[in-house]
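>>> got a predicted model here, sequence first, then my questions.
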Amino acid sequence: MTPTLEMQFKNAYRHILDSQNICIASHVQPDGDNIGSILSLGMALKKLNKNVYLLKTDEIPSDYKFLPNVNLIKDHDNIDEIDIFIALDSSDEERLGKNKDLLTKAKLIINIDHHISNTNFGHINIIDKDASSTGELVYDFIKSMNISIDKDIATCIYTAISSDTGSFMYDNTSAKTHEIAADLIKVGIDKEKININLYQNKSLERTRLFIKAMDNLELYFENKVALAQITQEMLEDCNAKMEDSEGIISFLRGISPVEVAILLKEFKDDEIKVSMRSKRYIDVSKICSVFGGGGHIRAAGCTINESIDKAKTLILNEIKELFR
Ligand code: 5GP
Ligand code: MN
């Protein structure tokens, strides 16, 4: 941990010790890093005898329902006083969805994240773009507070890190990432159970959706760009949910000549969620920021309020300069 990070964690800890009611919020369409981070930090702060509220923003995808205490992430109406609001893995206030309004109610906002595009919307901003995942930062935070990492906490941190590193494969995986993973394994987590739940648990509906998406795969710019889409009609045909599109984008990037993978998800007729991944040299966070989104250099996203065809044209227009 760098000295600056360590000081920031100490500062956050000081405020936590002085507080009672702490909210930890998930972000819209939460992923494994987000859910694992919320649960692990929540369990840790409960050990300090704090009132911890884990706020649900969107539904928890079924992949993560195996996590310990996942049911604690729920809607909490009427929280009278919020001493501290902790945002995890959320690069801007919009990512907090319906819980964004609580920011004004909170006496203190702690913002812990690893997105390069984070807007520093907290009072205390602990942003490390070199961390593989927010889970990695939460590990450091819990350690710096001297709270013991038990099996449940370790399971959630491991899930967070594994999710955001593509199972320790992406370039964001560092020596430190592996050291943390080793420590979590020593705590006695059930690695097999975690891996089966995360990576070997695909439903038939999800499989059918994958086949359909691949059947309509589009390639552009000498096969350097792969694009797939998930429409509401496809979901209906396959009896699948949008969360079943998980995994498609990384498959697209895995195609040999592909540098940029694009997945368009039609949530509504005029609400298209775009996911982008790159392999070696394109900064997809930059492309997504043109449309008000953001993320990381190799993984980013945005939402375009147009039809899916229009969204596709807009995106392809935006990236064509990069492949001239
Ligand atoms: P995904 O494609 O898995 O939804 O997101 C990839 C990365 O981009 C994640 O790190 C996520 O936080 C970020 N991201 C996705 N959508 C948005 C968005 O609309 N705004 C911002 N700022 N980041 C996003
Ligand atoms: Mn993350």
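Happy to help now that I have it. Ligands and ions are numbered 1, 2, ... in the order given.
>>> can you get me a residue count around the closest residue to ligand 1 within the stretch 101-250 of the chain?
Residue nearest to ligand 1 within the stretch 101-250 of the chain: Ser117 (5.4 Å; CB to the nearest ligand atom). Every C-beta, even on glycine, is put in place using the N, C-alpha and C of the backbone. Counted by other CB atoms under 10 Å, the residues lying close to Ser117 total 18.
>>> can you check Thr165 too?
Neighbours of Thr165 under the rule other CB under 10 Å: 22.
>>> list the contacts of it.
Residues near Thr165 by CB atoms under 8 Å, 6 or more residues apart in numbering: Ser132, Ser133, Asn172, Thr173, Thr177.
>>> surely the first one touches Thr173?
Yes. Counting by CB atoms under 8 Å, Ser132 does reach Thr173; the two are 5.6 Å apart.
>>> between the two, which has more neighbouring residues?
Legend: neighbour count by other CB under 10 Å for Ser132 and Thr173, higher for Ser132 (26 against 20).
>>> re earlier: check contacts around the residue of the stretch 101-250 of the chain closest to ligand 1.
Ser117 sits next to Ser91, Asp92, Ser285, Ser289, Gly294, Gly295, Ala300 when contact means CB under 8 Å, 6+ apart.
>>> whichever of these end up buried, select them in ChimeraX.
The buried residues among the contacts of Ser117 can be selected in ChimeraX (16 or more other CB atoms under 10 Å) with this line:
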select :91,92,285,289,294,295,300
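>>> so which helix or strand of the chain has the lowest pLDDT on average?
Within the chain, confidence by mean pLDDT, DSSP states H and E is lowest for strand 294-295 among all helices and strands, at a mean of 92.
>>> could you confirm whether it reaches ligand 1?
Yes. Strand 294-295 lies within reach of ligand 1 by CB under 6 Å from any ligand atom, at Gly294, Gly295.
>>> for ligand 1, see how far away Lys310 is.
The gap separating Lys310 from ligand 1 is 17 Å, by CB to the nearest ligand atom, to the nearest Å.
>>> ok, and what's touching the strand or helix carrying that residue?
Assigned by DSSP states H and E, Lys310 belongs to helix 308-320. Contacts with helix 308-320, where a contact means CB under 8 Å, 6+ apart, come from 220-221, 225, 227, 229, 231, 260, 262, 264, 266, 272, 274, 282, 287, 290-291, 304, 306.
>>> and the residues you listed, which are buried?
In the contacts of helix 308-320, burial by neighbour count holds for 221, 225, 227, 229, 231, 260, 262, 264, 266, 272, 274, 282, 287, 291, 304, counting by 16+ other CB under 10 Å.
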